[in-house]
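Asks: got a predicted structure plus its sequence, pasted below:
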Amino acid sequence: MRLVSAYEIRDKYLRKDMLPTIFCPGCGIGSVLQYTLRAIDELKLDPDKIVWVSGIGCSSRVPGFVNFDGLHTTHGRALAFATGIKLANPELKIIAFMGDGDAAAIGGNHFIHAIRRNLDVTVILINNFTYGMTGGQVAPTTPKGLRGTTAPYGQFENPFDIAQLAVAAGANYVARWTVFNYIQGINSIKKALQKEGFSLVEFLSPCPISFGRRNRMKTAPEIIKWYQKITVPIEKAKKMKPEELEGKIIIGEFVDRDRPGLVREYEEYKKRAKKMMGWEV
């Protein structure tokens, strides 16, 4: 894979008048944003045919930095707005840039039902295991035993596995990587952007300020090294015993299938309705 320079990507796709970004030193959101823009560039997609949608949170500030049409909406409601945009203009490609709290907690119901409907959208999900913008509260993804401001003695609840949740709900494409897996991440985003229906690429992304310093990982390199300890490639995981996978997070491609998307199903529904009502020309 030949990578064009980061300066070319910046100059081509970012709003220079909005820079610098609000992201903290060591935050992984900028890396994932770069991977997404590189995927768009390599696929030669028309920026005028892409809409970025987000809810609330650190990662949800991204649509303000990119030179595309976009909506920065209410907390957990990015996929509700994405549904309206897609059904109003099916020609548009929708990218929802979401955080783990936004997607799996406040927007959890929207997330599950958007997948069930197979909404034609690509979700790029930043999972930093915390509510970074509001000070480091534990999220529904915080691994057991790790600390946040609302669990100073360690999280005692079971976390969501977002990728497996999306597979079970019926997504057409699901992959999970860390920000360290940049080539795999870019390739997965490229696949996701070309899929009909719901596609999800989840990234484990460092948050040294709100998550790391409460868990003795004060820098991004320390968190990246921790990712290397806790992640297991999916092919290797298939050969491991359940007890060996305890406390591990599986990375890789989880599903790649081709069920009809919501737009195609809705158009077929309209045809049936018109035929039944005798409104066909």
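Replies: Received, thanks.

Asks: check what pLDDT the residue nearest the centre of the chain gets.
Replies: Compute the mean C-alpha point of the chain, and by CA atoms, centre = their mean the closest residue is residue 125, 1.7 Å away. Reported pLDDT at residue 125 in the predicted model: 97.

Asks: what do you get for the one 4 residues further on?
Replies: Reading off the confidence values, residue 129 has pLDDT 96.

Asks: I'd assumed residue 142 was in contact with it.
Replies: Yes: the pair residue 129 and residue 142 passes the contact test of CB atoms under 8 Å, sitting 4.8 Å apart. For every residue, glycine as well, the C-beta is placed using N, CA and C.

Asks: follow-up on the earlier one: just give the nearest non-adjacent residue to the residue nearest to the centre of the chain, would you?
Replies: Of all residues beyond its chain neighbours, the one nearest residue 125 is residue 202 (4.5 Å), with distances taken as CB to CB, 6 or more residues apart in numbering.

Asks: is it true that that neighbour touches residue 164?
Replies: No: if you go by CB under 8 Å, residue 202 and residue 164 don't touch, sitting 10.3 Å apart.

Asks: the stretch 151-281 of the chain: helices as residue ranges?
Replies: Applying DSSP state H, counting those that start in this stretch to the stretch 151-281 of the chain gives helices spanning 162-169, 182-193, 220-230, 234-237, 262-277.

Asks: neighbour count winner among residue 202 and residue 164?
Replies: Between residue 202 and residue 164, residue 202 has the larger neighbour count (other CB atoms under 10 Å), namely 29 against 14.

Asks: show me what contacts the more buried one?
Replies: Shown in contact with residue 202 (CB atoms under 8 Å, 6 or more residues apart in numbering): 125, 127, 162, 163, 174, 175, 176, 177.

Asks: repeat that for 6 Å
Replies: Contacts of residue 202 were listed using CB atoms under 6 Å, 6 or more residues apart in numbering, and they are 125, 127, 162, 163, 176.

Asks: for residue 18, see how far away it is.
Replies: Per CB to CB, to the nearest Å, residue 202 is found 26 Å from residue 18.

Asks: between the two ends of stretch 243-250, how far is it?
Replies: Distance across stretch 243-250, first residue to last, is 14 Å (CA to CA, to the nearest Å).

Asks: pLDDT on it, on average?
Replies: When the per-residue pLDDT values of stretch 243-250 are averaged, the result is 95.

Asks: which outside residues touch it?
Replies: Contact partners of stretch 243-250, identified using CB under 6 Å, 6+ apart, comprise 230, 231, 232, 234, 237.
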